[in-house]
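[1] Any chance you could fold what I've pasted below:
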Amino acid sequence: MSQRNQTLGEFIIENQSSFKYTSGELSRLINSIRLAAKVVNHEVNKAGLVDIIGTAGDTNIQGEDQQKLDVYANDTFIKTMTKRNIVCGIASEEEDDFVAINSQDENHQNKYVVLIDPLDGSSNIDVNVSVGTIFSIYRRVTPVGTPVTIKDFLQKGNQQVAAGYVVYGTSTMLVYTTGHGVNGFTLNPAIGTFYLSHPNMQFPENGSIYSVNEGNYIHFPKGIKDYIKYCQMEEGDRPYTSRYIGSLVSDFHRNMIKGGIYMYPKSSMNAKGKLRLLYECNPMAFLAEQANGKASDGFTRIMDIEPTELHERVPFICGSKNMVEKAEEFMQNA
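    The predicted model follows:
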């Protein structure tokens, strides 16, 4: 029986039999993410003391300015997972293409691929606002022992075997699921150990928070505009409170604990949406559904979307189930 103050390592060992596959490889992979998260957390906490804030002078594949910590976090997670010979491929928001691991070794038996947003909300670092890491894990679909291909990464979200995030805030937490609920672990920085602090995390079915960048209101589709007006209307338990941090991990984390909805819809500026399906939306959708929440593009379940490209973008609505269903209702009636 899992209990508070259990270490992440102890929790993984105790619950390994509940994993869909019990070879131990997935457990080692979660442990490697834990290690990389601690390294990144240490660097994040030094921001302002060393030359790690600001832009790195490059842009990523999406045409966005890379922050220095984007590059550092990306390198840290890739190196940590690569050196431990755990995965056969990694795709990152910060890389143009996927990274094949041991692709020249015909005998390698690694079964998992990882898709990762190494530092979500990194532009907030310069102003000391919470940021995070998002990860998604799949079993490869191509034969074990052969080089990975794009097929291994372009899987529907409903094929994920694990997903989670790390939030670097007033405390550092690692939150993840393997399809058996969502559990959160808080880092004790004095000894560098994650402890179970939030067992069996759940979205309240209803919430009172809506999270959306209302500065883009004029560009939103009619359904989203109508839903925002509904949130602001004084009736029953409304108006809702508007809370938007601008870091998906932080907004999602708050709404899961307190109850709320997060929206990043398509707009006249971003016709396909802004968030990445594989690195952001699918893992957060898996977590949401495992925590009694819901995730949608306004019409379709996020995890049922068939991806067609590595850096595909989609509209994203996620959070407390009843709130998401109400937003979908406005979208479908618009």
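[2] Residue 121 is in contact with residue 70, correct?
    No - using CB atoms under 8 Å, residue 70 is not in contact with residue 121; the gap is 10.4 Å. In short, each C-beta sits where N, CA and C put it, glycine included.
[3] With neighbour numbers in mind, choose between the two.
    Per other CB atoms under 10 Å, whichever of residue 70 and residue 121 has more neighbours is residue 70, with 26 against 21.
[4] SS state for the more buried one?
    Assigned with DSSP: H, G, I helix; E, B strand; the rest coil, residue 70 falls in the helix class.
[5] roughly how far apart are it and residue 37?
    Using CB to CB, to the nearest Å, residue 70 is found at 15 Å from residue 37.
[6] Could you do residue 146 as well?
    Noted for residue 146: a distance of 30 Å to residue 37, by CB to CB.
[7] higher neighbour count, the two?
    residue 37 (28 against 12).
[8] Which strand residues bridge the nearest residue to that one once chain neighbours are set aside?
    Ranked by CB to CB, 6 or more residues apart in numbering and with sequence neighbours excluded, the top spatial neighbour of residue 37 is residue 166, at 4.4 Å. With DSSP bridges as the criterion, residue 166 is bridged to residue 133, residue 174.
[9] which non-adjacent residue is nearest residue 245?
    Nearest to residue 245 is residue 251, by CB to CB, 6+ apart, at 5.1 Å.
[10] And for residue 204?
    residue 259 (3.6 Å).
[11] Phi and psi next, for the one you found.
    Recorded main-chain torsions at residue 259 are phi 100, psi 120, according to degrees, to the nearest 10.
[12] For it, list the residues it contacts.
    Contacts for residue 259 (CB atoms under 8 Å, 6 or more residues apart in numbering) come out as 203-204, 206-209, 319-320.
[13] Show me which of those residues are buried.
    When the contacts of residue 259 are checked for burial by 16 or more other CB atoms under 10 Å, the buried set is 203-204, 207-209, 319-320.
[14] will you turn those residues into CSV that also has distance to residue 245, pLDDT and secondary structure?
    What follows is the buried ones among the contacts of residue 259, written out as CSV (distance: CB to CB, whole Å; pLDDT from 0 to 100; DSSP: H, G, I helix; E, B strand; the rest coil):
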residue, distance to residue 245, pLDDT, secondary structure
203, 17, 98, coil
204, 19, 97, coil
207, 16, 97, coil
208, 17, 97, coil
209, 11, 98, strand
319, 14, 98, strand
320, 17, 98, strand
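[15] Helix or strand for residue 226, just tell me which one.
    Per DSSP states H and E: residue 226 is located in helix 222-232.
[16] Packing partners of that helix?
    helix 321-333 (3 or more CB pairs under 8 Å, 6 or more residues apart in numbering; DSSP states H and E).
[17] So what touches the helix it packs on?
    With CB under 8 Å, 6+ apart as the test, helix 321-333 has contacts from 203, 205-207, 210, 221, 223-224, 226-227, 230, 260-261, 263, 292-296, 298-299, 317-318.
[18] what secondary structure does residue 3 sit in?
    coil.
[19] Over to residue 114?
    strand.
[20] Make sure it is actually in contact with residue 137.
    Yes - counting by CB under 8 Å, residue 114 sits close enough to residue 137 to count as a contact (5.5 Å).
[21] can you list residues touching both of those two?
    Residues touching both residue 114 and residue 137 (CB under 8 Å, 6+ apart): residue 29.
[22] So for these two, which residue has more residues nearby?
    Taking neighbours as other CB under 10 Å, residue 114 and residue 137 compare with residue 114 leading, 26 against 23.
[23] residue boundaries of the strands in the stretch 1-150 of the chain?
    55-59, 65-67, 87-92, 99-100, 112-120, 131-139 (DSSP state E, counting those that start in this stretch).
[24] between those, which gets the lowest average pLDDT?
    Among the strands of the stretch 1-150 of the chain, strand 55-59 carries the lowest mean pLDDT, a mean of 50.
[25] returning to what we had before: out of the contacts of residue 259, give me the two with the largest separation.
    Among the contacts of residue 259, the pair separated by the greatest distance (CB to CB) is 203 and 208, at 12.6 Å.
[26] Please enumerate the helices of the stretch 201-334 of the chain.
    222-232, 248-258, 282-290, 321-333 (DSSP state H, counting those that start in this stretch).
[27] any idea how far residue 228 is from residue 240?
    Going from residue 228 to residue 240 by CB to CB gives 10 Å.
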